[in-house]
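# model the following, please.
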Amino acid sequence: MSTRSTTSGLTKQRRTRAKSGCSTCRIRKVKCDEIKPSCRKCSSTGRTCDGYESPFKIYYGKNIADPCSRNGSSRSILPAILPASNKITAQDISSLNRCFSVKTVFDVELGCNMEAKQVLEASLTDQSVQHAVSALKSLRQDFERSREVAVNTPGPSASYEYGLEQYCLALEALTSSDTPPSSQGLTSTLLCCQIFICIEQVQQNYATMGQHLTQGLNIMRQFRARPSLNVDLELMSAHDSPLPHLDVFLIKMFSVPCKFSDISNSRTADEGAANACPVSPLQQPNGSRSHRSIAPDMRAGLTRIAAMTLEFLEKVSQVRLSSEALQLLSEKRPLQRSLDSWLDKLDAIQPGKTSPNTELISVSFMRLFHQALRIIVLGALEASSDIDNDLQIENNRLQIIAIDLGDRLRSYRMPNTP
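Numbering: from 1, shown residues only. Presented below is the predicted three-dimensional model:
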């Protein structure tokens with residue numbers, strides 16, 4: 001928890017205000033009750049409630065790296081890749097599901113068809129989602145092309161430039177509105193956030209991917225995609241309309257095994273491009289057990305915790321009474337202890353905590369998955385008055401892991417399939 005010094009030499013707790021209140025309460029620096037469309041904190045005192053900003057603008061602001069700055073060329077406005085008709089086919093769903101993760105280049109089944117269908121349905125009428133889907137498809141196309149051509153191909157491809165244009169247009173569409181966030185607006189924001197995570201993954205921009213991940217989870221929690229408890233242990237119902245569950249999507253995406261994660265890295269010309277999750281001789285952990293036995297054991301343990309987390313989140317979604325929520329809090333603590341125990345075990349057999357550059361990159365990916373689970377579990381059903389501070393600490397830890405991954409993978413390219 002963050003603190004600050006006082007003149008008496010003692011420390012005083014610093015509280016982090018929620019970022020989703022109405023504009024009037026935010027200006028007055030008071031806690032908003034977040035009643036829509038006008039909060040009672042304003043109306044009960046005779047003030048005019050000025051409504052709520054776009055959640056995407058509130059949480060993102062200047063924190064997320066602007067994708068438009070990644071290409072120095074001038075940006076032309078191109079039309080989004082629109083669906084051929086209002087009918088979504090099984091092939092459309094399968095194709096988008098495959099774009100969600102780079103793991104699918106090895107024909108791994110991601111299991112996100114339901115999420116793909118939800119995105120495609122929204123893209124039929126939502127401009128921001130249309131642009132986001134177009135961006136992901138184009139950048140995935142560029143990713144697959146880059147695995148088949150020489151590394152020194154001059155200049156960005158047309159699909160890369162088009163993908164960035166569509167990415168920028170999606171961001172602009174989300175941040176342009178100053179109206180109170182409707183259910184449809186929140187849905188658009190969370191679906192786009194989901195796609196942006198996939199876009200940054202396919203470009204190996206893990207630092208920005210981490211920012212999208214944590215900000216999306218913040219939006220889910222602040223606008224109550226699921227029921228939650230307040231500081232008085234009173235149950236607050238979920239948002240009026242069902243919102244996309246970004247956390248479930250993330251768990252599914254991370255849970256799928258990375259088939260190329262333990263292929264040895266080589267920088268020799270005759271062996272071609274290196275693996276996106278390389279393992280060099282210098283990365284072998286100390287001790288009698290080899291990484292081939294350590295990593296799978298730890299992966300299996302983390303996958304079990306992920307499955308337990310999905311079950312817990314489903315129970316939270318079904319909560320209707322405060323007594324039920326309090327009972328679930330007692331189930332949440334063992335889940336958090338399991339995550340702590342897993343990390344302690346990993347740190348005991350892997351040097352990553354003190355020397356991250358000597359750790360298997362596949363293990364670093366597990367650390368990222370683990371940290372995402374910690375944030376998801378911590379934010380679920382939480383009643384603590386310190387939750388904002390605690391989550392910020394965990395978000396910062398995830399960002400450190402993501403930045404390290406991005407730095408280490410910058411010079412690597414994924415190998416072609418056999």
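
# which ones are touching Leu217?
Neighbouring residues of Leu217 by Cβ atoms under 8 Å, 6 or more residues apart in numbering: 246-247, 375-376, 379. The way it works is simple: take the backbone N, C-alpha and C, and place the C-beta from them, glycine included.

# out of these, flag the one nearest to Ser237.
Gly379 (17.0 Å; Cβ to Cβ).

# setting aside sequence neighbours, what's the nearest residue to the closest one?
Arg221 (4.7 Å; Cβ to Cβ, 6 or more residues apart in numbering).

# what's whichever helix or strand Asn396 is part of packed up against?
Here Asn396, judged by DSSP states H and E, is contained in helix 387-409. On a contact count with 3 or more Cβ pairs under 8 Å, 6 or more residues apart in numbering; DSSP states H and E, helix 387-409 meets helix 206-222, helix 361-379.

# turn the ones you listed into a markdown table, columns for distance to Arg304.
Below are the helices and strands packed on helix 387-409 laid out as a markdown table (distance: least, Cβ to Cβ, whole Å):
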| stretch | distance to Arg304 |
| --- | --- |
| helix 206-222 | 22 |
| helix 361-379 | 11 |
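
# would JSON lines of those with mean pLDDT and distance to Leu190 be doable?
Putting the helices and strands packed on helix 387-409 into JSON lines (pLDDT from 0 to 100; distance: least, Cβ to Cβ, whole Å) gives the following:
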{"stretch": "helix 206-222", "mean pLDDT": "93", "distance to Leu190": "6"}
{"stretch": "helix 361-379", "mean pLDDT": "93", "distance to Leu190": "14"}
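
# please name whichever of the ones you listed is nearest to Arg140.
Closest among the helices and strands packed on helix 387-409, using Cβ to Cβ: helix 206-222, at 14.5 Å.

# check which element follows the closest one along the chain.
Next element after helix 206-222 (DSSP H and E): strand 228-229.

# any buried residues in the helix holding Asn396, and which?
Neighbour-count burial for helix 387-409 flags 387-391, 394-395, 398-399, 401-402, 404-406, 408-409 (criterion: 16 or more other Cβ atoms under 10 Å).

# kindly report the same for stretch 320-329.
322, 325, 328.

# which outside residues touch it?
With contact meaning Cβ under 8 Å, 6+ apart, stretch 320-329 is reached by 227-229, 233-235, 312, 315-316, 319, 381, 383.

# mind redoing it with 6 Å?
For stretch 320-329, contacts defined as Cβ atoms under 6 Å, 6 or more residues apart in numbering pick out 229, 235, 315, 319, 381.

# chain neighbours aside, what residue packs nearest to the second one?
This points to Leu235. Leaving aside its sequence neighbours, Leu235 sits nearest to Ser322 (Cβ to Cβ, 6+ apart; 4.3 Å).

# name the helices or strands packed onto the host helix or strand of Val119?
Secondary structure from DSSP H and E places Val119 in helix 113-123. When contacts are defined as 3 or more Cβ pairs under 6 Å, 6 or more residues apart in numbering; DSSP states H and E, helix 113-123 sits against helix 90-99, helix 127-146.

# now the first one - C-alpha only, CSV.
In CSV, the C-alpha atoms belonging to helix 90-99 read as follows (Å, rounded to 0.1, in the frame of the first residue of the first chain):
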residue,chain,number,x,y,z
ALA,A,90,-19.0,-20.7,-38.3
GLN,A,91,-16.0,-20.0,-40.5
ASP,A,92,-16.1,-16.3,-39.5
ILE,A,93,-16.1,-17.3,-35.8
SER,A,94,-13.3,-19.8,-36.2
SER,A,95,-11.2,-17.3,-38.2
LEU,A,96,-11.4,-14.6,-35.5
ASN,A,97,-10.9,-17.1,-32.7
ARG,A,98,-7.6,-18.1,-34.4
CYS,A,99,-6.5,-14.4,-34.5
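
# please convert the buried residues of stretch 320-329 to CSV, extending it with pLDDT.
Shown next, in CSV, are the buried residues of stretch 320-329 (pLDDT from 0 to 100):
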residue, pLDDT
Ser322, 93
Ala325, 94
Leu328, 94
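
# which one of the buried residues of helix 387-409 is nearest Ile361?
Arg408 (6.1 Å).

# give me the pLDDT value at that closest one.
At Arg408, the model reports a pLDDT of 81.

# I figured Gln371 hits Ile400, correct?
No: taking Cβ atoms under 6 Å as the definition, Gln371 is not a contact partner of Ile400, at 9.0 Å.

# number of nearby residues for Pro257?
Residues within reach of Pro257, counting by other Cβ atoms under 10 Å, total 14.

# repeat for Gln166
Using other Cβ under 10 Å, Gln166 has 26 neighbouring residues.

# check Glu311 too.
Glu311 is flanked by 12 other residues according to other Cβ under 10 Å.

# gap between it and Pro227?
Using Cβ to Cβ, to the nearest Å, we find Glu311 at a distance of 16 Å from Pro227.

# could I get the buried residues of stretch 320-329 in JSON lines, plus columns for distance to Phe106?
Shown next, in JSON lines, are the buried residues of stretch 320-329 (distance: Cβ to Cβ, whole Å):
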{"residue": "Ser322", "distance to Phe106": "47"}
{"residue": "Ala325", "distance to Phe106": "41"}
{"residue": "Leu328", "distance to Phe106": "37"}
